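> structure of the sequence below:
(2 chains)
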Amino acid sequence: MLRQIGAIVAKDLAAELHTREIVSAMLVFATMAILIFSFALDLRGASGRAAAPGVLWTTIAFSGTLGLSRSLAREQQNGGLSGLLLAVEERSVIFFGKAAGSFVLMLLVVVVLLPLGSVLLNVNLLRPDIAGVMVLGTVGYAAVGTLLAAIAVNTRAREVMLPILALPVLVPLLIAAVQATAGLLEGMVPVDSWIRMLVVYDLVMIAVGVVTFEYVVEG
Amino acid sequence: MIEIRGLKKAFGPRVALDGVVLDIEAGERVLLVGPNGAGKTTLLRILATLSRPTGGAVRVWGHDVTRADVAIRRMIGFLSHESLLYDDLTARQNLRFYARMYGMDKPDARIASLLSAVGLERRADDLVREFSRGMQQRLAVARAVLHAPKLLLLDEPYTGLDVAAADALTVLLQTLTQVGCTLLMTTHYPAQEGHLAQRVIVMRRGRVLDDGPLGELTTLDARYRAILARPAPVSPPPAALAAVDWRGKEL
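Prediction:
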């Protein structure tokens, strides 16, 4: 099973290396968004620290939808999903493989976004604890996004459908991620409950994805 | 090996398969013909475990296809209208990916031999999106037979192939059938593409109209047209469908 998940991730990354269409779209969007926020809002001093978590997670949330939608669309092209369905041991392998591939691509965007955000938002985001929250948030986002992108990809307006479907489901994750990031930036504020909420959200959404993905892809 | 009893498949109000009863033995080479909308592709997709039947029973090697057992799927090679290939990978990367998915150890020799068999060895490291329709079809054939399946389901495999590629495909399929691979292939041109088959099944509107030995290829098209010109059969009651096999023998 792990070998098959690895094969799907490696295949997605190899395809991305040839086209660079997902990462470049996400990076351009994320860079532009954070740039616009930094000029539109007064982010000097304490106000910058207060706004940074919201700006950061809003940017990640919207740029993520671009990548997830395209990642599943790639499977739809030439019926690749049928090929996967024929070859996998368990159909949840496709969910794990696609979610892991999306997680890696989103993480690449986060790696660029954190130093950029540190400069533009006047806060130090290059901290291990902030990086940990980013990873937890991205795991949940990739799980939810993969499941809902698999639903949206079968609709005519898939690019529009994914944010409409995903953002309401992502609200608890985004609130927890923003609160945890803000707490860490402020210091002295307990963030354990928000971190726990992120972990629980990730586990629940991974479980929902494993159970339901088979029915989603079979249509 | 394949037992189909009273198979039904509906897409909403549209009935694609209406009580199909068939038996296909291991190693048989069967041609499935019929006009558009006859249910040929739907039947292949159900056998490939990619679509669930609405009613009836389908067993492959004694296993219920609705359970989509991995052991069954690994024995099936499926070539559909779509290539099931990734445009953004090279030909070799596509085959390597599927080889890994099928758990093949050291697949490079097999991949090289298949690329050579379908005449793509020089384009092995080119992206699939740069391939012509015929080249994609040849690569799709290589993908379908990569894991040496025991049952090969081919949906119009000769579509888009030039004469040389069609000949290469015939040689490849002959090699597979010689080692006991069962072949179920759809076509709109039975006389031109039926040379590998032993048996012809004619379908129309989700039902089996005729089922018998291939006979003379030269007269196949005329026979096929004559069968299609017959009035549509009235559906027998489901109990009767389930009680007889394709030869009319009681089960």
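> only C-alpha atoms for contact and neighbour calcs from this point on.
Fine.
> so which residues on chain A come close to chain B?
Chain A has residues A:3-4, A:7-8, A:11, A:14-16, A:18-19, A:74-75, A:77-83, A:85-90, A:218 near chain B, with proximity defined as C-alpha under 8 Å from any C-alpha of the partner chain.
> so where's chain A uncertain?
Within chain A, the ranges that satisfy pLDDT under 70 run A:44-45, A:188, A:219.
> for chain B, what is the nearest residue in it?
A:Gly80 (4.3 Å; C-alpha to the nearest C-alpha).
> one step back: keep only those of the residues of chain A next to chain B that are in strands.
Among those, no member falls in strands (criterion: DSSP state E).
> out of these, which end up buried?
A:4, A:7-8, A:11, A:14-16, A:74-75, A:78-83, A:85-90 (16 or more other C-alpha atoms under 10 Å in any protein chain shown).
> tell me the buried residues in the longest helix seen in chain B?
Determined from DSSP state H, the single longest helix within chain B is helix B:163-178. If you call a residue buried by 16+ other C-alpha under 10 Å, then helix B:163-178 has these buried ones: B:Ala165, B:Ala166, B:Ala168, B:Leu169, B:Thr170, B:Leu172, B:Leu173, B:Leu176, B:Thr177.
> worst-scoring helix or strand of chain B, pLDDT-wise?
Every helix and strand in chain B was compared by mean pLDDT, DSSP states H and E; the lowest is helix B:238-243, with a mean of 51.
> before we move on, the earlier item: report the distance from the helix or strand following the longest helix of chain B to the chain centre.
Counting by DSSP states H and E, the element after helix B:163-178 in chain order, helix or strand, is strand B:182-187. With C-alpha atoms, centre = their mean, to the nearest Å as the basis, strand B:182-187 stands 4 Å off its chain's centre.
> what residues does strand B:182-187 touch?
Contact partners of strand B:182-187, identified using C-alpha atoms under 8 Å, 6 or more residues apart in numbering or on different chains, comprise B:25-34, B:40-41, B:150-157, B:177, B:193.
> same thing with stretch A:140-157?
The contact list for stretch A:140-157 (C-alpha under 8 Å, 6+ apart) reads A:61, A:65, A:68-69, A:72-73, A:76, A:95, A:98-100, A:102-103, A:158-159, A:161-162, A:165-166, A:169-170, A:173, A:198, A:201-203, A:205-206, A:209, A:213, A:216-217.
> filter those residues down to the buried ones.
By neighbour count, with 16+ other C-alpha under 10 Å, the contacts of stretch A:140-157 hold A:61, A:65, A:68-69, A:72-73, A:76, A:95, A:98-100, A:102-103, A:158-159, A:161-162, A:165-166, A:169-170, A:173, A:198, A:201-202, A:205-206, A:209, A:213, A:216-217 as buried.
> follow-up on the earlier one: check which helices and strands the longest helix of chain B sits against.
Secondary-structure packing of helix B:163-178 (3 or more C-alpha pairs under 8 Å, 6 or more residues apart in numbering or on different chains; DSSP states H and E): helix B:133-145.
> which of the contacts of stretch A:140-157 fall in helices?
Using DSSP H, the members of the contacts of stretch A:140-157 that fall within helices are A:61, A:65, A:68-69, A:72-73, A:76, A:95, A:98-100, A:102-103, A:158-159, A:161-162, A:165-166, A:169-170, A:173, A:198, A:201-203, A:205-206, A:209, A:213, A:216-217.
> nearest residue to A:Glu159 other than its sequence neighbours?
Counting by C-alpha to C-alpha, 6 or more residues apart in numbering or on different chains, A:Glu159 lies nearest to A:Ser69, which is 6.3 Å off, once chain neighbours are set aside.
> would you check that the one you found makes contact with A:Arg158?
Yes: at 7.2 Å, A:Ser69 counts as touching A:Arg158 under the criterion of C-alpha atoms under 8 Å.
> please name the residues that touch the residue in the stretch 1-150 of chain B positioned nearest to chain A.
Using C-alpha to the nearest C-alpha, the point where the stretch 1-150 of chain B gets nearest to chain A is B:Leu84, with a distance of 4.3 Å. When contacts are counted by C-alpha under 8 Å, 6+ apart, B:Leu84 touches A:Gln77, A:Asn78, A:Gly79, A:Gly80, A:Leu81, A:Ser82, A:Gly83, B:Ala140.
> skipping its backbone neighbours, what lies nearest it in space?
Nearest to B:Leu84 is A:Gly80, by C-alpha to C-alpha, 6+ apart, at 4.3 Å.
> so the one you found is in contact with B:Leu85, correct?
Yes: assessed by C-alpha under 8 Å, A:Gly80 is found in contact with B:Leu85 at 5.9 Å.
> and B:Asp167, how far is that from B:Val145?
Distance of B:Asp167 to B:Val145, given as C-alpha to C-alpha, to the nearest Å: 16 Å.
> and what of A:Gln179?
Note on A:Gln179: its distance to B:Val145, by C-alpha to C-alpha, is 53 Å.
> so who does residue 97 touch?
You didn't pick a chain, so chain A it is. A:Gln4, A:Ile5, A:Gly6, A:Ala7, A:Ile8, A:Val9 are the contacts of A:Gly97 under C-alpha under 8 Å, 6+ apart.
> hm, I was asking about chain B
A:Ala7, A:Ile8, A:Lys11.
> any chance of those residues in JSON lines, plus distance to A:Ala152?
Output for these, formatted as JSON lines (distance: C-alpha to C-alpha, whole Å):
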{"residue": "A:Ala7", "distance to A:Ala152": "24"}
{"residue": "A:Ile8", "distance to A:Ala152": "20"}
{"residue": "A:Lys11", "distance to A:Ala152": "22"}
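> just the ones of these in helices?
With helices taken from DSSP H, the overlap with those comprises A:Ala7, A:Ile8, A:Lys11.
> which residues touch the second one?
Under the criterion of C-alpha under 8 Å, 6+ apart, the neighbours of A:Ile8 are A:Ile94, A:Gly97, A:Lys98, A:Gly101, B:Phe97.
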